[in-house]
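*Asks:* With the input below, show me the fold.
(chains A and B)
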2 protein chains.
Amino acid sequence: MVVLPELLAANETYAASFTKGDLPMPPGRQVAILTCMDARIDPARALGLEEGDAHVIRNAGGLAAEAIRSLAISQELLGTREIVVIHHTDCGMLTFTDDQIRQRLSESLGPDAAAAAAGITFQPFSDVARSVHDDLETIHSSPLIRPGTPVTGFVYDVRTGRMSPVE
Amino acid sequence: MVVLPELLAANETYAASFTKGDLPMPPGRQVAILTCMDARIDPARALGLEEGDAHVIRNAGGLAAEAIRSLAISQELLGTREIVVIHHTDCGMLTFTDDQIRQRLSESLGPDAAAAAAGITFQPFSDVARSVHDDLETIHSSPLIRPGTPVTGFVYDVRTGRMSPVE
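*Replies:* Down below sits the predicted model:
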């Protein structure tokens, strides 16, 4: 089963009625969103974003440590001045430990994977609100982020579609 | 100017008519999309994705080296079996060198930023199709990615909304 032909057909439909070909490179609303790759989250729909509005950075967990490069580029080269961090309920990152995923990768993919996995921290966490809090700290304490940047954190509830603030 | 109140108001509207609260954690279409954080790209609209369909990983450039952790979690724990890499025309990553952004960060943010930036490669590139090609190689050669995974690469044209394949 390969999904790609369906994605390309959808893209043809999208392109056929595309009217946003003149947007500038810098995000119009000067904001960067950092969130999880989770399939249930659609940042554009959930936050009312149109094409051209915002940088959207996504990784497993929505983790800041892996996003500093992108955030620095976003701010320094493309003028964003606000950061919103959104983790979410029922996150996959709550379901394993580094030891467990290393063991699984070793069993699934063999010794080369085991060796590679031993050199990575997969950055699981056990409390979503705490992980948001930690990421706000990571961002605020990075010398590559502009001092005074408004950085706010939220937990998105995948059952309700609603974001709740994290202090 | 803080955009957050507008995002939260949009989220209230989204949540008020939210009907997708029972989706499972694993992506229904078993695909992971890797693309750039660029504001002009809306992967869901451009590819016909609904909530629950696909993991979406985004960073500055849509670069694979920074996405291996997420892709390994996506495959091993959440069952995705296909990867689509999408870089794009007029990418910010085409507009600078590592030396240039390090200089800018040093001038904007001072010596602590200069020291931090010296330890990072910001991973700019000079040819979008080539960067896609390189990322396909990075993914195929990673021991943490399942052998035989279909991995395809595209350049998205921000003027037309259309994806073109990269061999």
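
*Asks:* Pick out the residue closest to the middle of chain A.
*Replies:* Most central in chain A under C-alpha atoms, centre = their mean is residue A:58, positioned 2.1 Å from the mean C-alpha point.

*Asks:* can you tell me the helix or strand for it?
*Replies:* strand A:54-59 (DSSP states H and E).

*Asks:* Format the CA atom coordinates belonging to that strand as CSV.
*Replies:* The C-alpha coordinates for strand A:54-59 follow below in CSV (Å, rounded to 0.1, in the frame of the first residue of the first chain):
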residue,chain,number,x,y,z
ALA,A,54,3.4,31.4,10.3
HIS,A,55,6.4,29.1,10.5
VAL,A,56,5.4,25.7,11.7
ILE,A,57,8.1,23.4,13.2
ARG,A,58,7.1,19.9,14.1
ASN,A,59,9.0,16.9,15.4
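
*Asks:* any bit of the next helix or strand after it sitting next to chain B?
*Replies:* Next helix or strand after strand A:54-59 toward the C-terminus (DSSP H and E): helix A:68-78. Yes: applying C-beta under 8 Å from any C-beta of the partner chain, one finds helix A:68-78 touching chain B at A:68, A:69, A:70, A:72, A:73, A:74, A:76, A:77, A:78. C-beta coordinates here come from the backbone N, C-alpha and C atoms, glycine included.

*Asks:* Show residues contacting helix A:68-78.
*Replies:* A:25-27, A:32, A:34, A:55, A:57, A:64, A:80-81, A:83, A:138-139, A:142, A:144-146, A:149, B:37, B:59-60, B:66, B:92-93, B:95-96, B:101, B:104-105, B:108, B:117, B:120, B:122-123 (C-beta atoms under 8 Å, 6 or more residues apart in numbering or on different chains).

*Asks:* 6 Å instead, please
*Replies:* A:26, A:32, A:55, A:57, A:80, A:142, A:144, A:146, B:37, B:59-60, B:92, B:104-105, B:120, B:122 (C-beta atoms under 6 Å, 6 or more residues apart in numbering or on different chains).

*Asks:* Quick check on the residues you listed: which are buried?
*Replies:* Neighbour counting with 16 or more other C-beta atoms under 10 Å in any protein chain shown marks A:32, A:55, A:57, A:80, A:142, A:144, A:146, B:37, B:59-60, B:92, B:104-105, B:122 as buried within those.

*Asks:* Among those, name the ones in helices.
*Replies:* For the buried ones among the contacts of helix A:68-78, the ones inside helices are B:104, B:105, with DSSP state H as the criterion.

*Asks:* Next, format the buried ones among the contacts of helix A:68-78 as JSON lines and append pLDDT.
*Replies:* Shown next, in JSON lines, are the buried ones among the contacts of helix A:68-78 (pLDDT from 0 to 100):
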{"residue": "A:32", "pLDDT": "98"}
{"residue": "A:55", "pLDDT": "98"}
{"residue": "A:57", "pLDDT": "98"}
{"residue": "A:80", "pLDDT": "98"}
{"residue": "A:142", "pLDDT": "98"}
{"residue": "A:144", "pLDDT": "98"}
{"residue": "A:146", "pLDDT": "98"}
{"residue": "B:37", "pLDDT": "98"}
{"residue": "B:59", "pLDDT": "98"}
{"residue": "B:60", "pLDDT": "98"}
{"residue": "B:92", "pLDDT": "96"}
{"residue": "B:104", "pLDDT": "97"}
{"residue": "B:105", "pLDDT": "98"}
{"residue": "B:122", "pLDDT": "97"}
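
*Asks:* got a markdown table for the buried ones among the contacts of helix A:68-78, with distance to residue A:131 too?
*Replies:* Shown next, in a markdown table, are the buried ones among the contacts of helix A:68-78 (distance: C-beta to C-beta, whole Å):
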| residue | distance to residue A:131 |
| --- | --- |
| A:32 | 18 |
| A:55 | 21 |
| A:57 | 15 |
| A:80 | 22 |
| A:142 | 17 |
| A:144 | 21 |
| A:146 | 23 |
| B:37 | 20 |
| B:59 | 19 |
| B:60 | 22 |
| B:92 | 28 |
| B:104 | 31 |
| B:105 | 27 |
| B:122 | 25 |
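
*Asks:* For chain A, just list every one of the strands.
*Replies:* Shown for chain A, the strands assigned by DSSP state E span residues A:31-36, A:54-59, A:82-88, A:151-157, A:162-166.

*Asks:* Just send those strands back as JSON lines, with distance to residue A:112 too.
*Replies:* Formatted as JSON lines, the strands of chain A follow (distance: least, C-beta to C-beta, whole Å):
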{"stretch": "strand A:31-36", "distance to residue A:112": "28"}
{"stretch": "strand A:54-59", "distance to residue A:112": "23"}
{"stretch": "strand A:82-88", "distance to residue A:112": "31"}
{"stretch": "strand A:151-157", "distance to residue A:112": "36"}
{"stretch": "strand A:162-166", "distance to residue A:112": "39"}
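
*Asks:* Residue A:157: which of the buried ones among the contacts of helix A:68-78 is nearest?
*Replies:* residue A:57 (20.8 Å; C-beta to C-beta).
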